[in-house]
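Visitor: Here is the input, now give the coordinates:
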Amino acid sequence: MQLPELVDAVTADEPPLTRSIDDIVTAGRRAERRRRMGFASAGAAGLVVVAVAGAFALPALGVDRNPAGTPAPAGPAASGPLDAVWPAAAPFIFTFQGYDAGTLHVRDPIVASTGYQIAPVYSDRHTSKDRPVTEEEAAAPGRGTERDKKMAAAGGKPSLWAYLTVYRPGVFDPAGITDGTAVTVAGRRAVRAALPTGFDPRLPTEAGNKLFAWEYADNAWAAVTSYSSDDATPSFEDLGGLVEGLKPGRPTPALVPFRVGYVPDGYQPLQIGTHAMPGLFGIATARAGDFGGATYARPAPPPSGLTVPYDATEDAIADGFHIFVTPSTSSNQPPEPGVTRCYDGSERRDPKSYPDDGGFCNIWSRDGTVVLQVSAAGLGNRLPQAELERVARSITVADVRNESTWTPAEEALHP
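Guide: Numbers count the residues shown, from 1 in each chain. The predicted model follows:
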């Protein structure tokens with residue numbers, strides 16, 4: 001199963017607009033069981049798969065980018081003191097480091113894009129949902145959040161999937177948050193909102209799903225997104241505790257374990273993952289042990305007006321492709337040392353249900369321990385198969401276990 005297919009597997013059956021986080025969990029578990037059994041499902045031969053023990057947030061997260069008729073949130077006209085000096089860093093540069101805020105812990109950012117950086121957030125009071133499922137979890141009865149709530153009621157920790165997105169100045173639009181409530185925290189303008197039960201913004205909100213955003217510098221916003229099986233925790237007050245800890249750090253180029261030798265005309269690098277896959281793929285599987293990746297788009301999405309990361313909405317990327325570099329253990333096929341295999345998408349389980357899916361290529365390392373995948377699946381299917389293969393064959397993979405051989409993303413992504 002290919003990475004985007006975790007979402008496709010959820011939306012393949014009718015009705016497509018009533019899927020919840022639990023459905024994503026179920027799809028991931030099916031994929032993980034197949035990976036551990038060493039074979040692929042029909043129509044998914046040789047594809048990379050990552051199963052997460054919880055939310056997989058690639059479809060819309062219930063926060064419209066610019067919902068019609070949504071007024072700007074009421075509140076203070078100006079921010080409180082914003083005395084920290086943030087560097088005017090270029091895209092694909094990390095400008096902050098991880099920090100602690102009570103029981104919440106922000107890790108160093110692992111995703112960077114042209115508009116933001118993203119870091120995982122963990123909690124002492126919760127079990128994180130950003131890792132591959134274990135054999136025991138795959139066999140456990142129940143589904144996702146439903147099961148997590150039962151475990152918490154029996155004395156176990158509730159589950160949490162959370163991340164902090166730090167947007168560059170002018171990129172985030174607080175007025176675009178659906179049903180947002182304006183507040184002031186530590187002298188900063190802020191807005192908070194509940195998120196829907198699932199990934200359709202028309203679904204009802206759930207108390208355990210929260211978005212809290214604040215202005216950390218002039219016209220620059222950060223936002224923490226939290227999906228918890230416990231309605232009460234983390235509370236908005238807990239999330240607001242992250243405000244004062246976010247401070248500028250030394251600008252550090254995001255590194256990737258590969259270099260691209262060819263990019264088709266018009267495609268621009270949009271986001272990367274370092275020690276993770278790009279975008280929310282990487283945040284959803286932050287502890288899966290992956291090496292890196294990138295997403296290209298044509299044309300590049302607008303660099304402003306965002307309330308969520310680019311790949312949190314279905315229409316943000318009209319045409320593009322992904323690069324994934326992962327260990328062979330993330331594949332549901334036995335390693336094929338030194339082999340390159342490309343597919344045009346027709347091998348899928350039900351091609352008629354996925355008319356927008358493109359092809360992909362897998363290139364295995366000589367020893368079979370690492371696999372490079374270039375995939376256009378779910379991103380418009382406008383890249384001819386021959387071009388996709390040309391991109392894949394142009395990529396040089398570094399020593400994935402020696403970061404000194406890695407390349408700054410801004411350099412690695414441009415031939």
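
Visitor: Regarding this structure, what is its longest strand?
Guide: strand 205-217 (DSSP state E).

Visitor: Which neighbouring elements make contact with it?
Guide: Contacts defined by 3 or more Cβ pairs under 8 Å, 6 or more residues apart in numbering; DSSP states H and E place strand 205-217 against strand 188-196, strand 220-228, helix 236-240. For glycine as for every other residue, the C-beta is placed from the backbone atoms N, C-alpha and C.

Visitor: Mind checking the pLDDT average for that strand?
Guide: The pLDDT scores in strand 205-217 average 94.

Visitor: likewise stretch 365-384?
Guide: According to the model, stretch 365-384 has a mean pLDDT of 84.

Visitor: My guess is Gly273 contacts Gly279. True?
Guide: Yes. Using Cβ atoms under 8 Å, Gly273 makes contact with Gly279 at a distance of 7.1 Å.

Visitor: Which neighbours do the two have in common?
Guide: Listed as contacting both Gly273 and Gly279 by Cβ atoms under 8 Å, 6 or more residues apart in numbering are Val111.

Visitor: Those two: which is more packed in?
Guide: The neighbour comparison of Gly273 against Gly279 (other Cβ atoms under 10 Å) goes to Gly273, with 31 against 27.

Visitor: for stretch 315-330, how far is the first residue from the last?
Guide: 28 Å (Cα to Cα, to the nearest Å).

Visitor: and that stretch, which residues are buried?
Guide: Within stretch 315-330, the residues scored as buried using 16 or more other Cβ atoms under 10 Å are 316-317, 319-328, 330.

Visitor: So what's the residue count around the closest residue to Arg189 other than its chain neighbours?
Guide: Using Cβ to Cβ, 6 or more residues apart in numbering and skipping residues adjacent in sequence, the residue nearest Arg189 is Glu215, 4.5 Å away. Here the number of neighbours of Glu215 (other Cβ under 10 Å) works out to 24.

Visitor: Report the beta-bridge partners for Glu215.
Guide: With DSSP bridges as the criterion, Glu215 is bridged to Trp221.

Visitor: Does it touch Ala223 like I think?
Guide: No. The pair Glu215 / Ala223 is not scored as a contact, 10.5 Å apart, by Cβ under 8 Å.

Visitor: Identify the contacts common to these two.
Guide: Counting by Cβ under 8 Å, 6+ apart, nothing touches both Glu215 and Ala223.

Visitor: so where is the stretch 151-300 of the chain shaky, pLDDT-wise?
Guide: Along the stretch 151-300 of the chain, the model assigns pLDDT under 70 to residues 151-155, 198-201.
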